[in-house]
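> sequence-free structure coming up:
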């Protein structure tokens, strides 16, 4: 039986480790083997929390013997089941999948950050601690069982990530972080207002109670208002066009390791929340029909994201705009509301996250030498061959060129769109993918066709190359043999298809 | 069962790091390693031939689990058409690798070049030997990225520009292929070509029509028929010559193969017999005739040695397109035995690959030895480069369609097929006559090519002391010279192999 302890253990352990990081680093700095000890410390963090997640996953999966559907587990703090206003957790397949993904990707990004941020400098330990806490908040968000718990954990992650952006404390990052925070606060205002209406309508915030109450609802006016408010709030946080303007600024101004973390974890978390709340809680079948609106948003996001990416001259900003476009591709899968689309979404969370993280990590290494614009990237293929190779692979994955992971992700969401009679959306998606290939290959052209201003190879730091090439390997292996991930996803999708 | 076809995939994939590290030490050893891998692949492909010839279904199939939730199996199969094209592809890879030893000697980063060539060979061979649409698309795109870097990294003049054009054009085409594949999966629930074919027959022709157009448009870009040929002259002429040989011999043939296998073999039966089906085939005929004339006429006036050959590739894809358009348009009952026209078309792909490969390699040898590209500045080279002259003459005469060289036989077969079809379809009368005129033009540009380069007076612009091609180049060309003559005199092996194929 899965108890409350099993559920909160991953969250609590991460928070405790994060708090311990500060004194531990103080001690480490006094010793000789700083790098080794730092690595051991963070390995311990992820081994323990990873073990906690693995424990929960194995206990959860043991509840469903081979061939039976996975259960939805409600776990409350107070002990009374489905209490109306209690903080409760709910474990299902999707939350386990997301938690595993968050821990794994977060570990890779953190090890990159450790060498990127130089752990011997003073406030860097706070940066790492915040990263760990944010991972804990994200895991809390995916384990939540009612709208309020979800709101608290998710806003902690979303607003807390501003600390990662502002780390450099220069005017540009201050400016964009302020913009980000304002957007997040406006978004949470919308969400809270919407949630209060939902509570008034249904008398509860628990996922299942709300869902059941809404199916029985006769007058839908208030529900529509609440839905619009909540949808607006989450659309702002997921950077759906026309609410996307904060994202390129924030990601460009943030240090590259933060941008990698934000794009790989916070961004994917925001899609998760969007799917969970808007699709599976507030709009049970037959209650609201908003597929067309979602489809239009998806099309707009793909088009606008890619067009803005097309005109960028700063490479980091280009990738940040691709993140916006990726939201659109995710929305295509969300719109279709088919098993295939959901599979595509869940696979896209992983692949899109890894790909954006990879490109930000590669760009971080390159930016370190002052190369920022397309012009600066001239001849980079000769100067920094390994990082360039990683960036090219990330680009190919973005553009949906097999055998890299991005292809399978796009293939799934587009076929799902065709299945859901939204062929026009698939066509737009495919055409914008060609556009993506074009501008990414313009970048590749700069990197390989042009001659650098000054010849000579630049030494690439091996420590940063290791996490980068772990992600490259993941993109190739999961692209050629995606069944590894599908084995995890399929039961999840089957479970969500048969929601009572 | 011995996993022959799986090894064809696995060997080069595992070989890439070995090729890279060998290439760091000695580029020549890496080239020979690439050739050896391709040779083993060729032998593996030959082991499937007895099964194809003798089994009742005339197919050789291997299945492995891949992505069950998408109903996708890692299905590797070979029938007469795939086996012939895959075998000829491995020959061209061997030849390209051997030719590169001397040709690329002065270039840098050869370890990367040979690794890319190995990676490319997976896609080149793989595209012919799978019946799974997703795997097909994987290989289809795998042809693209290594080719981009080979053209860009080791090409001439402004190579990345040509490579970029190549990439964007063919990738845009590939995306339409992807849409078609996605639609096939959606309406049939399978990604296996043969299962899809059976299911598509039961589906309303209105949807199938769009799938057919989308797929064909995508493949036509790779095949480079007019009006989507724009990438070809640049890519073929700026690429290093071994790569040009592969581009012209294999990559555009893959486009033609895909039209035959997927557009016509899988999707077309569902609309056969309708007015749309007949119009579709007539459309292919028209594009074929236009390409043949366009390519031949420009090749007749072009002066750059490699651009002449590049435009002649467009012309020959015109013949192939014409041949494909002779696909039976009536509703198909039972099994369809392959017609003379389709046999001729596939045989022409084989023959064209060998001949055009040889022509590009000999042009590469000429450019390498003289550093001149403009044929007006050459002349009388036959005396200095007798071996290359023999190779070029063989290739150019084959391209021009003279017996006893390879392309003659297949062109004759295509025309025999055309006359068979004319008896039932009057529309083809004029196109067939025009195609016969186009063959005359192709002989004209071939002879112009030969006479400008090898005969007449030596021009003063060529000052360097010219010697004949080095040994590895000679060896590579010798293999193809022998093949062009043998295939011209004795095409029986491939004809037999191709004629075992049954659509449906």
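Looks like it arrived, so ask away. All values reported here derive from a predicted model rather than from experimental measurement. Numbering: from 1, shown residues only, chains lettered A, B, ... in the order given.
> show me the strands in the chain, by range?
I'll assume chain A. Assigned by DSSP state E, chain A shows strands spanning A:73-76, A:88-91.
> try chain B instead
Under DSSP E, chain B gives strands at B:60-67, B:72-78, B:336-337, B:502-503.
> next up, the contacts around residue B:268.
Contacts for residue B:268 (CB atoms under 8 Å, 6 or more residues apart in numbering or on different chains) come out as B:212, B:277, B:280, B:327. C-betas here are computed from N, CA, C, even on glycine.
> quick check, nearest of these to chain A?
The shortest approach to chain A among the contacts of residue B:268 belongs to residue B:212, at 15.2 Å (CB to the nearest CB).
> where does pLDDT dip in the chain?
No chain was given, so I picked chain A. Residue ranges of chain A with pLDDT under 70: A:1, A:67, A:78-87, A:285-287, A:497-500.
> think we crossed wires, I meant chain B
B:331-337, B:460-464, B:504.
> relative to chain A, which residue of it is the closest?
For chain B, CB to the nearest CB, closest residue to chain A: residue B:160, 3.1 Å.
> from residue B:149, how far off is that residue?
Residue B:160 is 9 Å from residue B:149, where distance means CB to CB, to the nearest Å.
> repeat for residue A:167
37 Å.
> which residues touch stretch A:36-53?
Stretch A:36-53 is touched from outside by A:6, A:9-10, A:13-14, A:17, A:21, A:24-25, A:28, A:31, A:96, A:99-100, A:103-104, A:106-107, A:110-111, A:114, A:119, A:128, A:132, A:135, A:139, with contacts defined as CB under 8 Å, 6+ apart.
> contacts only, for the residue in chain A that chain B sits nearest to.
Nearest residue of chain A to chain B: residue A:449, at 3.1 Å (CB to the nearest CB). The neighbours of residue A:449, taking CB under 8 Å, 6+ apart as the test, are B:152, B:158, B:159, B:160, B:161, B:164.
> out of the residues you listed, which are buried?
With burial judged by 16 or more other CB atoms under 10 Å in any protein chain shown, the buried subset of the contacts of residue A:449 is B:152, B:159, B:160, B:161, B:164.
> what residues sit buried inside stretch A:224-233?
A:226, A:227, A:229, A:230, A:231, A:232, A:233.
> grab the nearest non-local neighbour of the fourth one.
Once its chain neighbours are removed from consideration, residue A:230 has its nearest residue in residue A:194; the separation is 3.6 Å (CB to CB, 6 or more residues apart in numbering or on different chains).
> run a quick neighbour tally on residue B:209.
By the criterion of other CB atoms under 10 Å in any protein chain shown, residue B:209 has 17 neighbours.
> isn't it right next to residue B:275, touching?
No. In this structure residue B:209 lies outside contact range of residue B:275 using CB atoms under 8 Å: 11.0 Å.
> show me which residues of the stretch 151-300 of chain B sit near chain A.
B:152-153, B:158-161, B:164, B:167-168, B:171-172, B:175-176, B:178-179, B:182-183, B:185-186 (CB under 8 Å from any CB of the partner chain).
> which of those fall in helices?
Using DSSP state H, the subset of these located in helices is B:152-153, B:159-161, B:164, B:167-168, B:171-172, B:175-176, B:178-179, B:182-183, B:185-186.
> ok, residue A:102 touching residue A:140?
No. Residue A:102 lies out of contact with residue A:140 (CB under 8 Å); the separation is 10.5 Å.
> between the two, who's got more neighbours?
residue A:102 (28 against 25).
> residues contacting the nearest residue to the more buried one once chain neighbours are set aside?
Closest residue in space to residue A:102, ignoring its immediate chain neighbours: residue A:138 at 5.2 Å, by CB to CB, 6+ apart. Applying CB under 8 Å, 6+ apart to residue A:138 gives the contacts A:98, A:102, A:153, A:157, A:265, A:266, A:269.
> out of those residues, which comes closest to residue B:100?
residue A:265 (45.8 Å; CB to CB).
> ok, that closest one - how many residues close by?
25.
> quick one: it from residue A:357, how far?
Where residue A:357 is concerned, residue A:265 sits at a distance of 8 Å (CB to CB).
> overlap of the contact sets of the two?
A:105, A:109.
> quick one on the thing from earlier: I'd say the residue nearest to residue A:230 and residue A:235 touch.
No. With contacts counted by CB under 8 Å, residue A:194 stays clear of residue A:235, the gap being 11.9 Å.
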